[in-house]
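In: Compute the structure for the input listed below.
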Amino acid sequence: MKLNERSLAFYATCDSPADNSGFLYKRGERHTAYHRRWFVLKGNMLFYFEERESREPVGVIVLEGCNVELCDSAESFAFAIRFGGTKSRTYVLAAESQAAMESWVKSLSRASFDYMRLVVRELEKQLQEMSRGLA
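Out: Okay, the predicted model is just below:
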């Protein structure tokens, strides 16, 4: 699949349902101030926008190979998206409430294809066990 800015912007704003969406505070990489952004999670892609009504995302984070964990921060309800590797970026985000933070951490932790593969394997295993029980 070939992705470019136009196709990503279309996918981010099309009518397909989002797995999660809402405002989060994102800490900048160079300037460590937090900026309020509108986030939309679709599949394994986390898009962020300047405002909720924005038609094009400011950025996208592909969530493959990441770990989502709570972190210490001056900002309340903070969590981090970490990637393996020495030069990989860590994204520090903060929610507006405990409930929102828990919802985001749960959604982001389940967003990778690796997680979905594990779920499918477990369901296949359960199906085989049920089939054996009926035989």
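In: what number of residues lie near the residue found closest to Gly59 once you drop the neighbours it is linked to in the chain?
Out: Spatial nearest neighbour of Gly59, chain neighbours left out: Tyr48 (5.5 Å); criterion: Cβ to Cβ, 6 or more residues apart in numbering. For glycine as for every other residue, the C-beta is placed from the backbone atoms N, C-alpha and C. Per other Cβ atoms under 10 Å, the neighbour tally for Tyr48 reads 21.
In: Report the separation between Tyr48 and Lys42.
Out: When distances are taken as Cβ to Cβ, to the nearest Å, Tyr48 and Lys42 turn out to be 12 Å apart.
In: from the middle of its chain, how far away would the host helix or strand of Phe10 be?
Out: Per DSSP states H and E, Phe10 falls inside helix 5-13. Average the C-alpha atoms of helix 5-13, do the same for its chain, and the two points are 16 Å apart (Cα atoms, centre = their mean, to the nearest Å).
In: For the following helix or strand past that helix, list the C-alpha coordinates in PDB.
Out: Downstream of helix 5-13, the next assigned helix or strand under DSSP H and E is strand 20-27. C-alpha atoms of strand 20-27 as PDB (Å, rounded to 0.1, in the frame of the first residue of the first chain):
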ATOM      1  CA  ASN A  20     -11.000   6.600  20.000                       C
ATOM      2  CA  SER A  21     -10.900  10.400  19.700                       C
ATOM      3  CA  GLY A  22     -10.500  13.400  22.000                       C
ATOM      4  CA  PHE A  23      -8.300  16.100  23.200                       C
ATOM      5  CA  LEU A  24      -4.900  15.300  24.700                       C
ATOM      6  CA  TYR A  25      -1.900  17.400  25.600                       C
ATOM      7  CA  LYS A  26       1.200  16.500  23.600                       C
ATOM      8  CA  ARG A  27       4.600  17.400  24.700                       C
END
